[in-house]
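**Q** sequence plus predicted model, see below.
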Amino acid sequence: MNLNELGFLWFLHSSSNMVNIFLGNLMETAEDTDLKDVLTEIKTLSSFQEQEALQFLADNGLNVTPFFSANDLHSPSEKLFSDQLMIEILKHITSNGLGVLSFQYTDLTIPKVKNFFKEILNKLIQIDISILNLLEHKGLLQNRSFSYTNAEDRENKLFKVASTQQRPLNAVELASMFGSFQCNNVGVALCTAFSDVAKDEDTKSFLQDGIKLSYHQVDVLSEIYRENGVPTTTGLEAHVQKVNKSPFSDKLMANLIMFLNPIAIGNLQTAVVSSYKKSHVKALKELIDQVEGYSEKGFKLLVRKDWFNEPPVTNRSIDS
């Protein structure tokens, strides 16, 4: 099997396996019938992804044991998230899943695997639209109105390049930040929920650090939006509910947060390459550094606890 297919199929199986366990709690505790329908769609697709990826890998000599199991779903009936928060989490996961799968699809070279990813993408697009319709139907879509004007004419400017830095942010720069903003908005809620129920003190400390980091990043991005006249909505953590027992294992919760960290970095990098205003790029790079530092802490935690699901490595001998 080619490197790209091996790496992307392994990642698809691993992430689908983790998300499937997480969905077990959401399906058990969701109350809204429309939300239940969407959850059924997502669970069906995610299970299909996990099983088909597993079969592709097995057919090519790589036998993978699922890293997460029903043992990581401790109390399926404990409702940790309100229905509204569930919808926001699902929108975040599916939207970013589309981004990851689209990126991987372009680098696949085996037609059978490429067609498999195409099938997944088409189904995920429909699910993403279903979630968007659900948000709209429930009145949960964020108002992101933007009063704009055409960019300044610099034809007669003496310092044309300098003038590009003395301006508000443009529509592309502001739009490219949204993924980062929403990622941290959901991140605050997830870290808040998980830190409330985590049993292991190291894991709890890691999640509490995640709350602080996400709050800070939301504040920075919200301020940028406010300075440029764009309204923002925060506070998803208010939809975390008190429970008697943890629905999930600490292993699953820590891995879910670590799964979202590369997405957070990718979203910020997209915002960086979309901007040509130096002060804005500098502020975004500082946020990237912060997430990278947090990811390093999380990586060390997973390794120390034997919770790190490591992908296959080359069988070549490499000097240390």
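**A** Looks like it came in fine. Residues are numbered from 1 along each chain as shown.

**Q** and Pro124, what does it touch?
**A** Not Pro; residue 124 is Leu. Leu45, Thr94, Gly97, Leu98, Leu101 (C-beta atoms under 8 Å, 6 or more residues apart in numbering). Just so you know, the C-beta spots here come from the backbone N, C-alpha and C atoms, and that holds for glycine as well.

**Q** switch the residues you listed over to JSON lines; also include distance to Pro311 and neighbour count.
**A** Compiled in JSON lines, the contacts of Leu124 are given as follows (distance: C-beta to C-beta, whole Å; neighbours: other C-beta atoms under 10 Å):
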{"residue": "Leu45", "distance to Pro311": "22", "neighbour count": "19"}
{"residue": "Thr94", "distance to Pro311": "23", "neighbour count": "22"}
{"residue": "Gly97", "distance to Pro311": "18", "neighbour count": "24"}
{"residue": "Leu98", "distance to Pro311": "22", "neighbour count": "16"}
{"residue": "Leu101", "distance to Pro311": "17", "neighbour count": "19"}
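
**Q** which of those residues fall in helices?
**A** Among these, the members falling in helices are Leu45, Thr94, Gly97, Leu98, Leu101 (criterion: DSSP state H).

**Q** quick one: which of the residues you listed is nearest Pro111?
**A** Set against Pro111, the nearest of the ones in helices among the contacts of Leu124 by C-beta to C-beta is Leu101 (16.7 Å).

**Q** distance of the closest one relative to Pro66?
**A** Leu101 sits 20 Å away from Pro66 when distances are taken as C-beta to C-beta, to the nearest Å.

**Q** for Val240, give me phi and psi.
**A** When read as degrees, to the nearest 10, the backbone of Val240 gives phi -80, psi 130.

**Q** isn't it right up against Ser195?
**A** No: counting by C-beta atoms under 8 Å, no contact exists between Val240 and Ser195, whose distance comes to 9.7 Å.

**Q** dump the contacts of Leu124 into CSV; add distance to Val220 and pLDDT as well.
**A** Listed next are those as CSV, based on distance: C-beta to C-beta, whole Å; pLDDT from 0 to 100:
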residue, distance to Val220, pLDDT
Leu45, 34, 96
Thr94, 26, 92
Gly97, 26, 89
Leu98, 26, 91
Leu101, 29, 94
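
**Q** from the residues you listed, which is closest to Thr29?
**A** Compare each of the contacts of Leu124 with Thr29 using C-beta to C-beta and the shortest gap goes to Thr94, at 18.9 Å.

**Q** distance check, the closest one against Asp202.
**A** For Thr94, the distance to Asp202 under the criterion C-beta to C-beta works out to 31 Å.

**Q** likewise Tyr215?
**A** Taking C-beta to C-beta as the measure, Tyr215 falls 21 Å from Asp202.

**Q** what do you get for Leu62?
**A** Summarising the geometry, the distance separating Leu62 from Asp202, computed by C-beta to C-beta, is 32 Å.
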